[in-house]
Each structure stands twice: as structure tokens, then as C-alpha cells.
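Asker: What follows is a predicted structure for the sequence shown.
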Amino acid sequence: MKNRSELTTEQRNPRSRGIDGKSALEIVDVICAADALVAPAVAKERKHVAAAADIVAGCLGGGGRLFYVGAGTSGRLGVLDASECPPTFGTPPSMVQGIIAGGRRALVRSIEGAEDRAEDGAAAVDAKGVTGRDVVVGIATCGLTPFVLGALRRARKLRAATVFITCSPELAGRPAVDIVINPVVGPEVVTGSTRMKAGTATKLVLNAITTTAMIRLGKVYDNLMVDLTATNEKLRDRSERIVMELAGVGRRKARGLLAGARGEVKVALVMHFRGVGRTKARRILKRCDRSLRKAISPGRG
């Protein structure tokens, strides 16, 4: 597309015309009304989001990795989601990674032009050693970002699974990928500022993909994050409360179980329910594909 003004993300929003003459409360009301359109738009794409999550779960379960690729806000959101997986789900940092045009510096400041070279996106994929076991999710709310498109084309040549997230319905058919996720949130309150509705929609989609995939991989029991990594006081407290609730024990007993399990919530719970030590509990979990539900079920493991 040669005329970017035809993109939904570049069009003017009639509901925010004259916004510069409004009071602070009136401006906030306009923004809130626009934001209310985001969740329904994402929900319309739920089947595509679920399909992407299944692909991610399959790749990660098979020893592969998930890579988010983006520029600007899209790239930062990918890096954010990737960085939150280790503490939330106990994943190694290499399992989910974010690639942003311009590298680490682009996380905290705009690097103009970093997104304009498709070959840089392809090179970034090569630098990560992407293979057919991995999945690459390209994020470009406008749908045209060369860095992202170059990364996706290279990923397909390497036989990696590919997903494209955009908020531009005009370009949802490009590039050729396995799944396109296209929440149409409409023009932004400030024309072209996709850090707003489009960014919010992207965050919702990324949350849904990784959370669904991690649940499918057994990293959540009921609705509790039993694979969390307790790296601070808040998470240590949460670990203890999870053990207390599921095992029906007091704080002191929960702390003892976690100490014996070296902080691993799943291991502590298997130790409690199966009456075994840490080494045996870890073996049981391994035989049960690290599913706590299977590991503590009678007759399993």
C-alpha cells in the first residue's frame, strides 16, 4: 500500500475532533469511550488467538521457543510480555523472547528509522538461531513495518510457525503467515498514535496467547500460578499462600514444605500429597509432564 492515509490506524477519529478545546475531564471521557471498544474487538478475534496459543503451546512443549518481533510500542509490548513469563510461569528466559527494532536502546527511547529495513528483521531472526521448532509472532499495528515483515518472511523460510498481529484490516492478508490476529479498534483519539487503542489491544492479545499456552502446558493449577519463581517478598508470600490453600496447612508448615522443595511450589505440593521427598516428587512431576493435577491424583505418577 503506497498511501498510508488509507490505513485505519492513520485515519482521523470523528469522535475526537476538537479535542484540543475540551477540558481535562472531557478529554478523559473521550479517551475512555474509545478504550471501551478495545476488549470487544479483541474478543472477536478469540478463535485466532486460541489457535495461536495452541501453536505456541505445541512449540514450547516440544522444546521450541517463542519470539515476539516488533518496533516502537509493538516491540516494547513484546519484550514486556516475554520478560513477565519467567517470574509468572517459572520459564527459562530463553523460552519467550522479545526482539525490538533498534535493540535494547529502543526500549527506553525512540530510535528513528530502526524499523525501516526488512533485512534487519531477517538478520535479527538469524541471530536468534530460529528453527522449525520455534514460533515467531510479528507485531505491526499498522501492518507495514518492514523490520517485522522481514522477520516473518525469514522465519517462514526457516520453517518456524508464524503469527501476525495487526490492527489494520486493510493489510490482514499480508504477509503470508500461519495465523493472522486482527482486532479492529478503529482510528486513534490522537491520529496515528497507536500506543493508545492499538497498543492496548496488542497487550490483551499477547497476555491471552502466553497465559493460555502456559495453562495448557500445566503451569497453572486451577487458577493459581504454581510454577511461579519467588524472586521477591511478594512472590514468596504468594508461594506460601498457594501451598497453604491447596494443602490445607498453616503458614509454618507451608514454609517448611517450600524449604524442603527449594522454593518450588509444585514440588512442595507433591511432597505433601504423595508423602515423598524432594527427589521423588520431582521424578513424579517429570513422569506427569510437570502437571500438578496429574502428579497429585491418586494412582498417577
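Answerer: Nice, thanks for sending it over.

Asker: hey, where'd the helices end up in this protein?
Answerer: 24-35, 38-43, 46-61, 72-89, 118-127, 146-157, 197-216, 233-247, 251-260, 265-274, 278-287, 292-295 (DSSP state H).

Asker: Can you get me the centre-to-centre distance for stretch 281-293 and its chain?
Answerer: 25 Å (C-alpha atoms, centre = their mean, to the nearest Å).

Asker: can you pull the buried residues of it?
Answerer: Ala281, Arg282, Ile284, Leu285, Cys288, Arg290, Ser291, Leu292 (16 or more other C-beta atoms under 10 Å). For glycine as for every other residue, the C-beta is placed from the backbone atoms N, C-alpha and C.

Asker: Tabulate the helices of the chain (a markdown table), appending mean pLDDT and distance to Val177.
Answerer: Below are the helices of the chain laid out as a markdown table (pLDDT from 0 to 100; distance: least, C-beta to C-beta, whole Å):
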| stretch | mean pLDDT | distance to Val177 |
| --- | --- | --- |
| helix 24-35 | 96 | 28 |
| helix 38-43 | 97 | 18 |
| helix 46-61 | 97 | 10 |
| helix 72-89 | 95 | 15 |
| helix 118-127 | 96 | 13 |
| helix 146-157 | 97 | 6 |
| helix 197-216 | 97 | 14 |
| helix 233-247 | 95 | 36 |
| helix 251-260 | 95 | 43 |
| helix 265-274 | 95 | 35 |
| helix 278-287 | 95 | 34 |
| helix 292-295 | 94 | 33 |
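
Asker: Out of these, the one nearest Asp227 is which?
Answerer: helix 72-89 (5.1 Å; C-beta to C-beta).

Asker: the inter-axis angle of the closest one versus helix 46-61?
Answerer: Angle of helix 72-89 versus helix 46-61, following axes from the mean of the first three to the mean of the last three C-alpha atoms, to 10 degrees, is 60 degrees.

Asker: Columns distance to Arg15 on top of the helices of the chain, output as TSV?
Answerer: Shown next, in TSV, are the helices of the chain (distance: least, C-beta to C-beta, whole Å):
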stretch	distance to Arg15
helix 24-35	7
helix 38-43	14
helix 46-61	26
helix 72-89	22
helix 118-127	35
helix 146-157	29
helix 197-216	12
helix 233-247	40
helix 251-260	52
helix 265-274	47
helix 278-287	53
helix 292-295	47
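
Asker: on that earlier part again, Ala124: which of the buried residues of stretch 281-293 is nearest?
Answerer: Distances from Ala124 to these, taken by C-beta to C-beta, are shortest for Arg290, at 30.9 Å.

Asker: thought that closest one was touching Gly218?
Answerer: Yes. Arg290 lies in contact with Gly218 (C-beta atoms under 8 Å); the separation is 5.4 Å.

Asker: which residues touch the residue sitting nearest the centre point of the chain?
Answerer: Here the mean C-alpha position of the chain is nearest to the C-alpha of Leu206 (C-alpha atoms, centre = their mean), at a distance of 3.6 Å. Applying C-beta atoms under 8 Å, 6 or more residues apart in numbering, we find Leu206 in contact with Tyr68, Leu77, Gly78, Asp81, Val137, Ile139, Ile165.

Asker: Restricted to buried residues, select these in ChimeraX.
Answerer: Here is the ChimeraX command that picks out the buried ones among those, judged by 16+ other C-beta under 10 Å:
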select :68,77,78,81,137,139,165
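
Asker: In TSV: the contacts of Leu206, plus distance to Ile296.
Answerer: Putting these into TSV (distance: C-beta to C-beta, whole Å) gives the following:
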residue	distance to Ile296
Tyr68	34
Leu77	36
Gly78	35
Asp81	30
Val137	33
Ile139	38
Ile165	37
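
Asker: Closest one of the contacts of Leu206 to Pro40?
Answerer: Ile165 (17.0 Å).

Asker: from memory the closest one sits against Thr202, does it?
Answerer: Yes. Using C-beta under 8 Å, Ile165 is in contact with Thr202, at 6.2 Å.

Asker: where do the contact lists of those two overlap?
Answerer: By C-beta under 8 Å, 6+ apart, the residues touching both Ile165 and Thr202 are Ser74, Ile139, Thr141.

Asker: Surely the last one touches Ser168?
Answerer: Yes. Taking contact to mean C-beta under 8 Å, the distance of 7.0 Å between Thr141 and Ser168 places them in contact.

Asker: which residues do those two both contact?
Answerer: Common neighbours of Thr141 and Ser168 (C-beta under 8 Å, 6+ apart) are Thr9.

Asker: Those two: who's more crowded?
Answerer: Thr141 (28 against 23; other C-beta atoms under 10 Å).

Asker: who's in contact with that one?
Answerer: Thr9, Thr73, Ser74, Ile165, Thr166, Cys167, Ser168, Thr194, Ala198, Gly199, Ala201, Thr202 are the contacts of Thr141 under C-beta under 8 Å, 6+ apart.
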